[in-house]
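Student: Here is the input, now give the coordinates:
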Amino acid sequence: MRILILSRNPALYSTRSLLRACYRAGHQAKVIDHLLCDLLIEKGKLNVSYQGELLRNYDAVIPRIGTSVTTAGTNVVRQFEKMGLFSTTRADAILRARNKLRCYQILAAEGIDVPKTLFPNFIQVDSVLIDDFVKSPNVIKLLESTHGLGVILSESLNNATSTIEAFQRMKHKVLVQEFVEESNGTDIRALLVDGHVIASMRRQALEGEFRSNLHRGGTASIEKLTEQEKFLCRKVCRILGLDVAGVDILRSERGPLILEVNSSPGLEGIENYTGIDVAGSIVRYLERRMQKRKNYRLNKI
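Tutor: As a prediction, this is how the structure comes out:
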């Protein structure tokens with residue numbers, strides 16, 4: 001196969017791991033920066049130009065789309081999809097997962113338990129509603145935060161109100177969520193490929209810190225999921241249309257809560273802490289899907 005890996009930085013661990021997995025499996029692979037792609041659109045004909053070269057005769061793409069370039073990145077992924085290339089993560093699925101509000105709306109409507117979440121209006125902060133629905137302490141996070149950036153633990157109603165107002169003055173949209181104290185600064189990250197939990201780990205925040213992200217100094221260890229948690233992760237990915245995803249779970253007194261779903265999960269932490277070749281699983285999934293496509297086309301002849 002000829003595979004394109006969409007990544008802004010070929011030196012990133014996840015990009016290099018995927019590239020190595022492609023090479024080990026005997027495939028040709030190329031890393032391209034999706035922000036340098038020009039999209040050519042005319043009746044019945046779509047193309048992508050990359051640094052003056054038309055990207056033709058490729059079979060599949062593996063998107064690694066960062067939060068800050070979601071719109072531009074998904075435009076490129078969708079162009080490749082319309083050109084007939086298989087994508088391990090579809091553009092629409094990336095958009096559903098990337099916007100936290102949209103993701104929570106979809107999951108909650110399907111009966112998935114998530115932290116109680118308030119999306120305040122952009123005109124006037126309703127302190128009474130915040131205190132009644134979420135209560136203090138609570139967590140305030142930017143709508144498209146990543147790696148724990150833009151996530152704040154608010155200890156009081158006055159602090160929450162001031163923080164929301166400050167973000168809104170800077171034209172940032174935020175969510176206000178319940179603080180799940182019993183999780184004790186831990187969450188569970190599960191990595192799913194093709195409907196299966198490939199690897200999972202427990203992330204622990206530093207003492208005095210509530211964010212468990214490894215980028216914030218948190219530590220990790222191998223953690224097995226319960227059957228209920230595995231089922232929940234599979235259901236979440238099915239609802240969002242994600243074949244490759246990282247799913248973050250909070251263990252609360254009322255059961256597991258879906259904290260976040262990542263359509264471009266980092267591989268460094270989970271591969272290093274679990275010793276599992278997640279990138280290899282992604283490439284093997286890609287091989288299976290491409291073989292199904294080939295068989296389907298042969299059966300139509």
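
Student: Now do the buried residues in the helix or strand encompassing Ile270.
Tutor: If you go by DSSP states H and E, Ile270 is part of helix 268-274. If you call a residue buried by 16 or more other Cβ atoms under 10 Å, then helix 268-274 has these buried ones: 269-271, 273-274. In this view, the C-beta of every residue, glycine as well, is placed from N, C-alpha and C.

Student: can you check stretch 104-121 too?
Tutor: For stretch 104-121, a neighbour-count test (16+ other Cβ under 10 Å) marks 104, 106-107, 112, 114-118, 120 as buried.

Student: quick check: longest helix of the protein.
Tutor: Secondary structure of the chain per DSSP state H: the longest helix is helix 278-300.

Student: Quickly list what the residue positioned nearest the centre of the chain is bridged to.
Tutor: For the chain, Asn262 is the residue whose C-alpha lies nearest the centre (Cα atoms, centre = their mean; 1.4 Å). Using DSSP bridges, the bridge partners assigned to Asn262 are Gly246.

Student: Isn't it up against Leu240?
Tutor: No - using Cβ atoms under 8 Å, Asn262 is not in contact with Leu240, being 10.8 Å away.

Student: doesn't Val197 make contact with Arg189?
Tutor: No - counting by Cβ under 8 Å, Arg189 does not reach Val197; the two are 10.7 Å apart.

Student: Comparing the two, which residue is more hemmed in?
Tutor: Using other Cβ atoms under 10 Å as the criterion, Arg189 and Val197 rank with Arg189 on top: 27 against 18.

Student: How far does the strand or helix carrying the more buried one sit from its chain's centre?
Tutor: Assessed by DSSP H and E, Arg189 sits inside strand 186-193. For strand 186-193, the distance from its own C-alpha centre to the chain's C-alpha centre is 11 Å (Cα atoms, centre = their mean, to the nearest Å).

Student: That strand - contacts with which helices or strands?
Tutor: Other elements packing on strand 186-193 under the criterion 3 or more Cβ pairs under 8 Å, 6 or more residues apart in numbering; DSSP states H and E are strand 196-204, helix 227-240, strand 244-252, helix 268-274, helix 278-300.

Student: what is the mean pLDDT for it?
Tutor: Regarding strand 186-193, the rounded mean pLDDT is 96.

Student: Just the CA trace of it, in PDB.
Tutor: What follows is strand 186-193, C-alpha atoms only, in PDB (Å, rounded to 0.1, in the frame of the first residue of the first chain):
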ATOM      1  CA  THR A 186      -6.700  10.000  38.200                       C
ATOM      2  CA  ASP A 187      -8.300   9.000  35.000                       C
ATOM      3  CA  ILE A 188      -8.100   6.000  32.700                       C
ATOM      4  CA  ARG A 189      -7.000   6.300  29.100                       C
ATOM      5  CA  ALA A 190      -8.100   3.600  26.700                       C
ATOM      6  CA  LEU A 191      -6.800   3.300  23.200                       C
ATOM      7  CA  LEU A 192      -9.300   1.700  20.800                       C
ATOM      8  CA  VAL A 193      -8.700   0.400  17.200                       C
END
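
Student: Outside of that strand itself, list whatever touches it.
Tutor: With Cβ atoms under 8 Å, 6 or more residues apart in numbering as the test, strand 186-193 has contacts from 197-205, 212, 220, 223, 225, 229-230, 233-234, 237, 242-251, 259, 265, 267, 269-270, 278, 281-282, 285.

Student: And the strands in the stretch 51-200 of the chain, which stretches?
Tutor: For the stretch 51-200 of the chain, applying DSSP state E, counting those that start in this stretch gives strands covering 53-54, 60-63, 86-87, 117-118, 138-142, 151-154, 174-178, 186-193, 196-204.

Student: what's the closest of those to Arg20?
Tutor: Distance to Arg20, taken as Cβ to Cβ, is lowest for strand 60-63 among the strands of the stretch 51-200 of the chain, at 12.6 Å.

Student: quick one: strands adjacent to the closest one?
Tutor: Partner strands and pairing direction for strand 60-63 (DSSP bridges) are strand 2-6 (parallel), strand 86-87 (parallel).

Student: quick one: contacts for Arg293?
Tutor: By Cβ under 8 Å, 6+ apart, the residues touching Arg293 are Phe86.

Student: For burial, what's the neighbour tally of the spatially closest residue to Gly241 that is not a sequence neighbour?
Tutor: Nearest in space to Gly241, with sequence neighbours left out and distances taken as Cβ to Cβ, 6 or more residues apart in numbering, is Ala93 at 4.1 Å. Under the neighbour criterion other Cβ under 10 Å, Ala93 is assigned a count of 22.
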